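In: Predicted coordinates and the sequence they were generated for:
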Amino acid sequence: MPANTVLVITGEAADANLIRASLAAARDGPFATEWTPDLSTGLSRLRTGGVDIVLVNLFLPDSSGAETFDALFSLVPSTPIMVLCDEENEPAAIETVQRGAQGYLSKGFFPNALIPQALRSIIQRKKVEEALYLEKERARVTLECIGDGVLSTDVSCKVTYLNMQAERMTGWAREEARGRPIAEVLKLIDGETREPARNPVELVIANGKNMALYARSVLVRRDGLEIPVEDSAAPIFDMAGAITGAVVTFRDVSETRAMADRMAHLAEHDYLTGLPNRLLFNDRLAQATAYAKRHQTKVAVLFLDLDNFKHINDSLGHTIGDRLLESVSKRLVAQVRQSDTVSRLGGDEFVIMILEESHTEHANIAAEKVLRALAEPHVISGHELHITTSIGISVYPSDGEDVETLIKNADTAMYHAKRNGRNDFQFFNNEMNVWAVERQATEADLRKAIDRNEFVLHYQPKIDLASGQVTGAEALVRWLHPRRGVVFPDSFIPVAEDSGLIVAIGRIVLRGACQQAKTWLDQGLGSFVVSVNVSALEFRDKNFIRSTREALQETALDPCFLQIELTESVLMRNVDSSIPILHELKQLGVQLAVDDFGTGYSSLSYLSRLPIDVLKIDQSFVQRISSKSDDCIIASAVISMGASLRQRVIAEGVETQEQLNFLNTHRCNEGQGFLFSAPVPAEEFGRLIRECVVTPARPQ
Ligand SMILES: Nc1nc2c(ncn2[C@@H]2O[C@@H]3COP(=O)(O)O[C@H]4[C@@H](O)[C@H](n5cnc6c(=O)[nH]c(N)nc65)O[C@@H]4COP(=O)(O)O[C@H]3[C@H]2O)c(=O)[nH]1
């Protein structure tokens, strides 16, 4: 054990010797005793360090009384100082004890055998005190610096300590809070029920175990502000293992809880419209059907698909498309009751769950209201957008007992509503399922057909009614199905349009028709135009112009021999965006024809704005021509409309001589129909031309 160094500062050498002798006799270890006769040499010695205890006589040659002590204490505050005194100086010595001295030693005790022991214990106690002080200081600084609130109580749950963060969060100053019940200072409520929550400190003291706070705890600050908090409490035990109190630490989790709430909301809602997403909708529908089962009620599912959304999105951009979806979702929510759920499944598909009693009158009413509300123009960024929707409705339990079936069947019914002319609603029936299965099979077969190129083109001649010359040929696609044989376009074009496969099929047709026209030209069969039908989806496809150009280039066909037929409804659906596409096509050098003319709602002013070469009167008008029919008036009106627009007019579906006579009388330019020839394969068409089998038609 290293010797403890004792510095004796006294002007009396005899006293110093007595003490030295006393310490030399120490049995529990050595002392190194040093002596200085006055304060200044004492202070110098202390500055060099290594002194464990100072024994000082307050009355020195260069200093006297309390001043002596103060000078030493201020230099070495953590070194114990004992004052040496005689009876007469005892009051001054006692006073230094109040100023920080460890004690005093009267002259009569200098030789006492207990002195070494006493000094040793003072030295050790001072060291322990110093270590404890540092420990406590470290803990205090840590507690004041950390971002969590820390609060401790005694065993009766009275507050004993709050760190600075706890002061801020509770609104209680440490001094004010001390001694108050914890429930008053740390006031917690259940964030969900808003009932007071039992304070964790009370539970910890009762159970003697650590515990976490209730997950949705909210701290009510002294001024009433509510802060969501999270954390834990732990008991404090004394050395004997008895609980003396508890510490609770808590942290402001407003941001993390808000973030968690946001994440939970996002997981169940559509980011764009804020409506419940598919996940939440499915869950609500499952609950609603379970309720309906118990109470023998019904649930209707309305499946909505916006009719022209894709086109608006493609032509005006996604920002406007998004705003339109927001506008649609607001209108949908406004049309149904609060107990119903409107959800966006994605894209332009929405579903609505309607709770019914025993009938489906709410679904009926809601569908009608939705159709009306959505058809009102949506004004977005200066554009007046018109959109309609098709709605399919399935009803629990008759159309399905589970969520998946109900949505699938409502979707199928929506499909039928769309096919029936859009802007309408349709209840599901079981026959639709058979149809849906067939449709699926057709779609799957069509995909294979594209890969295997199972398509052929038939050509139907167009005849100049005055000269009887063939002026052109309409290319009409046929599908050579490996099992079903020849499939006509009406059976597969709608499926191809709905599935988007029409774009690929259209390319095959376009290229095939250009190739055939070029072959006929090269064979010297005469100069006539070959026309192809182009669906809405192809026409609006951003690559349409490019693939038309490529087909012409690859086949080396002069563009003036190609005609693109577009139905009136395709053109009129969005005239503003149709016009630039039509102009681009015209720039390529191709001809443009309006198919099924008369069935849409084109006005003359619109038509005059379109760069159209040919109007094709829909066959329904032609076929109703008879001597007494009023339809004759329409047919003649359409012919004169074409003439006034300086466009060639072709009558489609000419079947009888009577119709032909009528058309000739009204100076219709061209005709097409079974009277001249049905659509035929390319070789046969070539033969027809070569052998002049097509009957020239002269007015009779
Ligand atoms: N009752 C009657 N019908 C006649 C007469 N003359 C011709 N037809 C038929 O009327 C349809 C005329 O074609 P469309 O109106 O463009 O109507 C076409 C067209 O909209 C569509 N289509 C045909 N080929 C294609 C194609 O390659 N692409 C696209 N997108 N659609 C096509 O399928 C529809 C039906 O085509 P098809 O079955 O070939 O039916 C053809 C043709 O065979 C007649 O005198 N009387």
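Out: Happy to help now that I have it.

In: Summarise which helices and strands the lowest-mean-pLDDT helix or strand in the chain is packed against.
Out: Within the chain, no helix or strand scores below helix 604-609, which has a mean of 74 by mean pLDDT, DSSP states H and E. Applying 3 or more Cβ pairs under 8 Å, 6 or more residues apart in numbering; DSSP states H and E, one finds that helix 604-609 makes contact with helix 575-588, helix 631-644. C-betas here are computed from N, CA, C, even on glycine.

In: residues of that helix that come out buried?
Out: For helix 604-609, a neighbour-count test (16 or more other Cβ atoms under 10 Å) marks 606, 607 as buried.

In: Off-centre distance for it?
Out: 45 Å (Cα atoms, centre = their mean, to the nearest Å).

In: what lines up beside the next helix or strand after that helix in the sheet?
Out: Next along the chain after helix 604-609, taking DSSP states H and E as the criterion, comes strand 614-617. Neighbouring strands of strand 614-617 in its sheet, by DSSP bridges, are strand 591-597 (parallel), strand 648-651 (parallel).

In: Let me have the ones you listed in CSV, adding mean neighbour count, mean pLDDT and distance to residue 346 as columns.
Out: Formatted as CSV, the strands paired with strand 614-617 follow (neighbours: other Cβ atoms under 10 Å; pLDDT from 0 to 100; distance: least, Cβ to Cβ, whole Å):
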stretch, mean neighbour count, mean pLDDT, distance to residue 346
strand 591-597, 23, 91, 33
strand 648-651, 26, 92, 43
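
In: Pretty sure residue 368 sits in a helix.
Out: Yes - Residue 368: assigned to a helix according to DSSP: H, G, I helix; E, B strand; the rest coil.

In: right, and residue 657 touches residue 675 too?
Out: Yes - if you go by Cβ atoms under 8 Å, residue 657 and residue 675 touch, sitting 7.2 Å apart.

In: Pick out whichever of those two has more residues nearby.
Out: More crowded of residue 657 and residue 675, by other Cβ atoms under 10 Å: residue 675, with 17 against 11.

In: what sits against the residue nearest to that one when sequence neighbours are not counted?
Out: In space, and not counting its chain neighbours, residue 675 is closest to residue 654: 4.8 Å by Cβ to Cβ, 6 or more residues apart in numbering. Residue 654 makes contact with 622, 660, 663, 671, 672, 673, 674, 675, 676, according to Cβ atoms under 8 Å, 6 or more residues apart in numbering.

In: which of those residues count as buried?
Out: If we count by 16+ other Cβ under 10 Å, the contacts of residue 654 have these buried: 622, 660, 663, 671, 672, 673, 675, 676.

In: Dump those into JSON lines; add distance to the ligand, secondary structure and pLDDT as well.
Out: Formatted as JSON lines, the buried ones among the contacts of residue 654 follow (distance: Cβ to the nearest ligand atom, whole Å; DSSP: H, G, I helix; E, B strand; the rest coil; pLDDT from 0 to 100):
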{"residue": "622", "distance to the ligand": "8", "secondary structure": "helix", "pLDDT": "89"}
{"residue": "660", "distance to the ligand": "11", "secondary structure": "helix", "pLDDT": "93"}
{"residue": "663", "distance to the ligand": "13", "secondary structure": "helix", "pLDDT": "92"}
{"residue": "671", "distance to the ligand": "9", "secondary structure": "strand", "pLDDT": "95"}
{"residue": "672", "distance to the ligand": "6", "secondary structure": "coil", "pLDDT": "96"}
{"residue": "673", "distance to the ligand": "3", "secondary structure": "coil", "pLDDT": "96"}
{"residue": "675", "distance to the ligand": "7", "secondary structure": "coil", "pLDDT": "94"}
{"residue": "676", "distance to the ligand": "8", "secondary structure": "coil", "pLDDT": "94"}
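
In: surely residue 237 meets residue 247?
Out: No - judged on Cβ under 8 Å, residue 237 makes no contact with residue 247 at a distance of 11.5 Å.

In: Looking at those two, which one has more neighbours?
Out: residue 247 (19 against 12).

In: That one: which element?
Out: With DSSP H and E as the criterion, residue 247 is inside strand 243-252.

In: Let me know the next secondary structure element after that strand.
Out: helix 254-268.

In: Please state the offset of that following helix from the chain centre?
Out: 12 Å.

In: go on, stretch 390-402?
Out: 29 Å.

In: contacts for it?
Out: 288-289, 292-293, 298-305, 307, 356, 360, 363, 367, 370-371, 405-418, 422-428.

In: Can I get the buried part of those as one ChimeraX selection?
Out: Here is the ChimeraX command that picks out the buried ones among the contacts of stretch 390-402, judged by 16+ other Cβ under 10 Å:
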select :288,289,292,298,299,300,301,302,303,304,305,307,356,360,363,367,370,371,406,407,408,409,410,411,412,413,414,415,416,417,418,423,424,425,426,427,428
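
In: Could you tell me the per-residue confidence at the residue of the stretch 1-150 of the chain found nearest the ligand?
Out: When scored by Cβ to the nearest ligand atom, the stretch 1-150 of the chain has residue 147 as its residue closest to the ligand, at 67.9 Å. Looking at residue 147, its pLDDT is 89.

In: quick one: which of the contacts of stretch 390-402 sit in strands?
Out: 298, 299, 300, 301, 302, 303, 304, 305, 356, 425, 426, 427 (DSSP state E).

In: Quick check: the farthest pair among these?
Out: Comparing every pair within the ones in strands among the contacts of stretch 390-402 by Cβ to Cβ identifies 298 and 305 as the most remote, at 23.1 Å.

In: could I get the contacts of residue 654 as JSON lines with distance to residue 29?
Out: Formatted as JSON lines, the contacts of residue 654 follow (distance: Cβ to Cβ, whole Å):
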{"residue": "622", "distance to residue 29": "129"}
{"residue": "660", "distance to residue 29": "137"}
{"residue": "663", "distance to residue 29": "135"}
{"residue": "671", "distance to residue 29": "132"}
{"residue": "672", "distance to residue 29": "127"}
{"residue": "673", "distance to residue 29": "130"}
{"residue": "674", "distance to residue 29": "130"}
{"residue": "675", "distance to residue 29": "134"}
{"residue": "676", "distance to residue 29": "133"}
